[in-house]
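Student: can't give you the sequence, but here's the structure:
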């Protein structure tokens with residue numbers, strides 16, 4: 001019997017034409033007991049060893065962040081931290097993590113993503129929430145449609 005019987009594909013019928021479990025589901029149901037026993041045995045082994053996996057990851061291994069991810073510490077010391085580049089704690093509301101117009105990564109105000117036009121004013125309240133005010137909604141509508149003379 002297959003010890004790691006995967007769950008059958010979503011399109012696989014649960015029962016066949018005779019009303020019995022289809023072969024893939026029969027094998028899957030049949031393997032549940034042995035798979036659970038194996039998982040419980042693996043958990044007990046990990047608990048007894050204090051979570052050590054028998055050296056499957058050497059302490060000399062490195063954790064490396066790329067692009068917006070930074071790392072600190074080492075596996076040998078027992079702890080590696082993973083952070084966003086230029087992350088701060090805590091960040092107030094109405095911010096997003098990304099880059100500014102200069103390509104600098106970090107927390108940016110959502111308000112900085114909006115640009116005022118001659119018809120639309122952008123504002124923020126004390127909490128950083130964005131408000132848009134349209135000075136002449138009808139004029140702005142026709143101008144955005146590309147109508148001349150507005």
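Tutor: Yep, that arrived. Bear in mind that the values here come from a model prediction, so they are computed numbers and not experimental data.

Student: sec struct for residue 9, please.
Tutor: Assigned by DSSP: H, G, I helix; E, B strand; the rest coil, the conformation of residue 9 is coil.

Student: residue contacts, it?
Tutor: residue 24 (CB atoms under 8 Å, 6 or more residues apart in numbering). All C-beta atoms are positioned from the backbone trio N, CA, C, and that covers glycine.

Student: So, low pLDDT: which residues of this structure?
Tutor: For the chain, the stretches flagged by pLDDT under 70 are 1-5, 50-59, 147-150.

Student: Going along the chain, name the helices of it.
Tutor: Counting by DSSP state H, one finds helices in the chain at the ranges 23-48, 137-144.

Student: in the shortest one, what's buried?
Tutor: It stands for helix 137-144. Within helix 137-144, the residues scored as buried using 16 or more other CB atoms under 10 Å are 140, 143.

Student: Quick check: residue 64 touching residue 72?
Tutor: No. Residue 64 is beyond contact range of residue 72, at 11.4 Å (criterion: CB atoms under 8 Å).

Student: hang on, the earlier thing: residue 68 is nearest to which of the helices of the chain?
Tutor: Residue 68 lies closest to helix 23-48 among those, at 32.4 Å (CB to CB).

Student: For that closest one, which residues meet the burial criterion?
Tutor: 24-25, 28, 31.

Student: Distance to residue 37 for the residues you listed - can I get that in TSV?
Tutor: Listed next are these as TSV, based on distance: CB to CB, whole Å:
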residue	distance to residue 37
24	21
25	20
28	16
31	11
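
Student: related to what we said a few turns ago, export the helices of the chain to TSV and tack on distance to residue 99?
Tutor: Below are these laid out as TSV (distance: least, CB to CB, whole Å):
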stretch	distance to residue 99
helix 23-48	41
helix 137-144	27
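
Student: Out of those helices, the one nearest residue 100 is which?
Tutor: Here helix 137-144 is closest among the helices of the chain (CB to CB), at 26.3 Å.

Student: got the contact list for that closest one?
Tutor: Counting by CB under 8 Å, 6+ apart, 117, 119-120, 134, 150 sit against helix 137-144.

Student: Brilliant, that's me finished.
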